[in-house]
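Visitor: no FASTA, just this:
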């Protein structure tokens with residue numbers, strides 16, 4: 001994502017009496033949860049990788065943790081693409097300066113923050129007309145904001161800072177090893193008002209703050225479009241998280257944010273299974289679960305004491321069998337389609353505003369076939385130059401990322417670009433549809449026992465730090481179950497052959 005350098009920041013919170021689970025859990029057969037359990041984590045994105053890491057950090061170094069990933073790489077939706085020997089983020093490209101888990105993990109795992117990109121401005125497009133542009137002079141930009149949007153901008157910044165303070169309370173709560181069984185309770189632990197933000201639209205919330213309609217329809221809505229591809233009708237918590245993505249202190253990890261989940265797996269005790277597609281989960285009715293897994297055209301069944309689902313069920317094909325009730329009905333919940341088109345080329349003159357150093361255009365409504373167009377830079381440190389296989393220097397064309405609700409046609413690319421040298425397209429379900437206020441959140445505990453769902457947090461908001469917070473909560477829920485200190489009753493069968501891949505434990509089925 002691109003950032004709108006306005007000095008915004010926002011992240012959220014709520015306070016309710018913490019729900020603390022009993023430290024001993026029994027399965028249907030009356031057995032206590034084993035002290036050295038066999039655990040499956042399905043999905044090796046940042047959330048799944050963090051669950052494995054946090055379990056080790058909490059002191060649970062025994063038992064078996066198998067981390068399944070249906071693709072051939074760690075990272076999930078944190079992904080990069082190569083153009084002319086340089087790598088560029090396709091999504092999940094920003095981290096907020098007050099995201100404590102991301103900040104601390106980068107230090108602990110010896111990762112490096114990427115050098116700051118060149119400062120650039122942006123323009124807002126409404127009804128196919130440019131209605132606002134920043135200036136290369138910060139004072140002039142501020143004057144333009146005040147002239148068009150009034151003092152509402154300052155009020156929004158004040159509210160944003162307050163919400164960030166509330167959001168940050170979750171770190172001290174989780175440090176006390178308190179866990180929650182659903183996202184609403186977790187948000188409530190931040191501040192009494194934050195959970196309620198999920199129950200009204202962002203537009204209504206902003207109107208209650210007495211912000212001008214023009215500020216909401218232009219500046220705010222441009223931010224919700226670039227972050228979530230949706231207008232200000234999304235619920236207020238997600239809208240607030242989107243506003244957080246407009247802070248000028250945003251950062252990323254050198255060589256791509258996908259380095260974080262990879263480093264988390266390396267530092268954990270998990271055994272990584274790539275190209276392993278989990279097709280179904282079965283309740284064995286004896287306190288364990290059976291996973292049917294396809295890998296290398298083989299179908300096998302593995303059995304586990306506990307299963308963590310760490311990818312969105314709304315877009316997966318996982319089936320559930322033998323449960324007394326369906327763990328989670330996904331029919332009424334949809335994920336938003338986002339298409340990221342990465343282009344090495346030259347923009348047409350009407351899409352450039354060189355005098356103002358504007359490198360990004362954001363739409364305020366759905367009148368355009370795109371939601372944003374922005375110059376992006378390699379994930380390597382500034383000044384890094386790569387060569388091709390022959391050792392020759394690669395072409396150095398400017399690279400742009402276009403977000404759109406549907407794939408761009410050749411004609412649409414010709415409207416934007418004078419020259420097109422290389423195009424890469426990524427079409428995926430990026431985050432939930434937030435246009436409907438959720439009546440209830442899916443639980444972190446799907447079957448009231450040991451089938452856990454990390455991505456339920458995404459119905460509050462989708463962001464790297466949200467996944468890390470959810471991962472810590474899942475790890476705490478597991479930790480409470482392990483406190484039963486009973487020996488595992490699950491036989492260790494078909495554990496596979498252990499293979500070393502750098503510092504990552506990878507196993508073959």
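Guide: Arrived safely. No experiment lies behind these values; they were computed from the predicted model shown.
Visitor: got any ranges where this structure has weak pLDDT?
Guide: Within the chain, the stretches with pLDDT under 70 are 1-31, 118-119, 327, 353-356, 381-394, 437, 484-509.
Visitor: and the helices in it?
Guide: For the chain, the helices defined by DSSP state H occupy 46-57, 100-108, 138-149, 152-167, 169-175, 183-188, 202-208, 213-214, 221-228, 236-244, 259-267, 410-416, 464-482.
Visitor: list the buried ones in the fifth one?
Guide: Spelled out, that is helix 169-175. 169, 170, 171, 173, 174 (16 or more other Cβ atoms under 10 Å). Yep, even glycine has a C-beta here, placed from its N, CA and C like the rest.
Visitor: distance of the fourth one from residue 59?
Guide: In this structure, residue 173 and residue 59 are separated by 19 Å, where distance is defined by Cβ to Cβ, to the nearest Å.
Visitor: counting residues, what is the longest strand that this protein contains?
Guide: strand 417-432 (DSSP state E).
Visitor: that one versus helix 236-244: what angle between them?
Guide: Orientation of strand 417-432 against helix 236-244 (axes from the mean of the first three to the mean of the last three Cα atoms, to 10 degrees) gives an angle of 140 degrees.
Visitor: strand 417-432 pairs with which strands, parallel or anti?
Guide: Using DSSP bridges, strand 417-432 pairs in its sheet with strand 335-347 (antiparallel).
Visitor: list the buried residues in the strand it pairs with.
Guide: 335, 336, 338, 339, 340, 341, 342, 343, 344, 345, 346, 347.
Visitor: quick one: it to helix 221-228, angle?
Guide: Using the same axes, to 10 degrees: strand 335-347 against helix 221-228 is 100 degrees.
Visitor: still on that earlier bit, show me what counts as buried in the longest strand of the chain.
Guide: For strand 417-432, by 16+ other Cβ under 10 Å, it's 417, 423, 424, 426, 428, 429, 430, 431, 432.
Visitor: so what touches it?
Guide: Residues from elsewhere that reach strand 417-432 (Cβ atoms under 8 Å, 6 or more residues apart in numbering): 77, 79, 81, 83-84, 90-91, 228-229, 312, 314-315, 333-349, 395, 397, 407-408, 413-414, 458-459, 462.
Visitor: ok, the buried residues of strand 335-347 vs residue 43, which is closest?
Guide: residue 335 (14.4 Å; Cβ to Cβ).
Visitor: wait, that closest one sits on residue 316?
Guide: No - assessed by Cβ atoms under 8 Å, residue 335 is found out of contact with residue 316, at 10.3 Å.
Visitor: ok so, going back, show me which of the buried residues of strand 335-347 is closest to residue 140.
Guide: Out of those, the member with the shortest distance to residue 140 (by Cβ to Cβ) is residue 347, at 23.2 Å.
Visitor: excluding chain neighbours, what is closest to that closest one?
Guide: Of all residues not flanking residue 347 in the chain, residue 417 sits nearest, at 6.0 Å (Cβ to Cβ, 6 or more residues apart in numbering).
Visitor: distance of the one you found from residue 63?
Guide: Residue 417 is 54 Å from residue 63, by Cβ to Cβ.
Visitor: who's in contact with the nearest residue to residue 180 once chain neighbours are set aside?
Guide: Nearest non-adjacent residue to residue 180, counting by Cβ to Cβ, 6+ apart: residue 186, 4.2 Å away. The contact partners of residue 186, by Cβ under 8 Å, 6+ apart, come to 170, 180, 457, 469, 470, 473.
Visitor: want to throw those residues into a markdown table with distance to residue 222?
Guide: Conversion of these to a markdown table gives the following (distance: Cβ to Cβ, whole Å):
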| residue | distance to residue 222 |
| --- | --- |
| 170 | 28 |
| 180 | 33 |
| 457 | 25 |
| 469 | 27 |
| 470 | 28 |
| 473 | 32 |
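Visitor: wait, which of the residues you listed is closest to residue 298?
Guide: Closest approach to residue 298 among the contacts of residue 186 (Cβ to Cβ): residue 470, at 31.8 Å.
Visitor: what sits against the closest one?
Guide: Contacts of residue 470 by Cβ under 8 Å, 6+ apart are 47, 183, 186, 444, 454, 455, 456, 457.
Visitor: follow-up on the earlier one: pull the most distant pair out of the buried residues of strand 417-432.
Guide: For these, and using Cβ to Cβ, no pair is farther apart than 417 and 432, which are 31.6 Å apart.
Visitor: residue 100: neighbouring residues, count only.
Guide: Counted by other Cβ atoms under 10 Å, the residues lying close to residue 100 total 16.
Visitor: these two touch, right, residue 291 and residue 276?
Guide: No - counting by Cβ under 8 Å, residue 291 does not reach residue 276; the two are 9.6 Å apart.
Visitor: identify the contacts common to the two.
Guide: Residues touching both residue 291 and residue 276 by Cβ under 8 Å, 6+ apart: residue 68.
Visitor: please look at residue 242 and residue 219 and confirm they touch.
Guide: No - between residue 242 and residue 219 there is no contact under Cβ under 8 Å: 11.8 Å.
Visitor: report the beta-bridge partners for residue 281.
Guide: What pairs with residue 281, by the bridge criterion (DSSP bridges), is residue 291, residue 320.
Visitor: now do the same end-to-end measure for stretch 214-229.
Guide: By Cα to Cα, to the nearest Å, the extent of stretch 214-229 from end to end equals 19 Å.
Visitor: which ones are touching residue 326?
Guide: residue 320.
Visitor: nope, residue 471 is what I was after
Guide: Applying Cβ under 8 Å, 6+ apart, the residues contacting residue 471 are 46, 47, 48, 50, 51, 53, 54, 310, 454.
Visitor: mind putting those into TSV with neighbour count and distance to residue 269?
Guide: As requested, the contacts of residue 471 are exported to TSV (neighbours: other Cβ atoms under 10 Å; distance: Cβ to Cβ, whole Å):
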residue	neighbour count	distance to residue 269
46	28	18
47	29	17
48	30	14
50	30	13
51	30	12
53	27	9
54	24	11
310	30	16
454	26	18
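Visitor: report how many residues lie close to the closest residue to residue 173 other than its chain neighbours.
Guide: Here the nearest residue to residue 173 in space, its sequence neighbours aside, is residue 189; by Cβ to Cβ, 6+ apart that works out to 5.0 Å. Applying other Cβ under 10 Å, we find 26 residues neighbouring residue 189.
Visitor: backbone dihedrals for residue 189, please?
Guide: Per-residue torsions, residue 189: phi -70, psi -20 (degrees, to the nearest 10).
Visitor: ok, it to residue 84 distance?
Guide: For residue 189, the distance to residue 84 equals 47 Å [Cβ to Cβ].
Visitor: before we move on, what about residue 276?
Guide: As judged by Cβ to Cβ, residue 276 and residue 84 stand 33 Å apart.
Visitor: between the two, which one's more packed in?
Guide: For the pair residue 276 and residue 84, the greater number of neighbours falls to residue 276 (25 against 16), based on other Cβ under 10 Å.
Visitor: wait, that one sits on residue 72?
Guide: No - judged on Cβ under 8 Å, residue 276 makes no contact with residue 72 at a distance of 10.2 Å.
Visitor: return the distance of stretch 335-348 from the chain's centre.
Guide: When C-alpha coordinates are averaged (Cα atoms, centre = their mean, to the nearest Å), stretch 335-348 and its chain have centres 19 Å apart.
Visitor: again with stretch 54-61
Guide: So, by Cα atoms, centre = their mean, the centroid of stretch 54-61 is 23 Å from its chain's centroid.
Visitor: and if you look at stretch 63-70?
Guide: Distance, stretch centre to chain centre, for stretch 63-70: 20 Å (Cα atoms, centre = their mean).
Visitor: buried set for that stretch?
Guide: So for stretch 63-70, counting by 16+ other Cβ under 10 Å, buried means 63, 64, 65, 66, 67, 68, 69, 70.
Visitor: so which of those residues belong to strands?
Guide: Using DSSP E, the buried residues of stretch 63-70 in strands are 64, 65, 66, 67, 68.
Visitor: and the end-to-end length of stretch 135-155?
Guide: Start-to-end, stretch 135-155 (Cα to Cα) is 22 Å.
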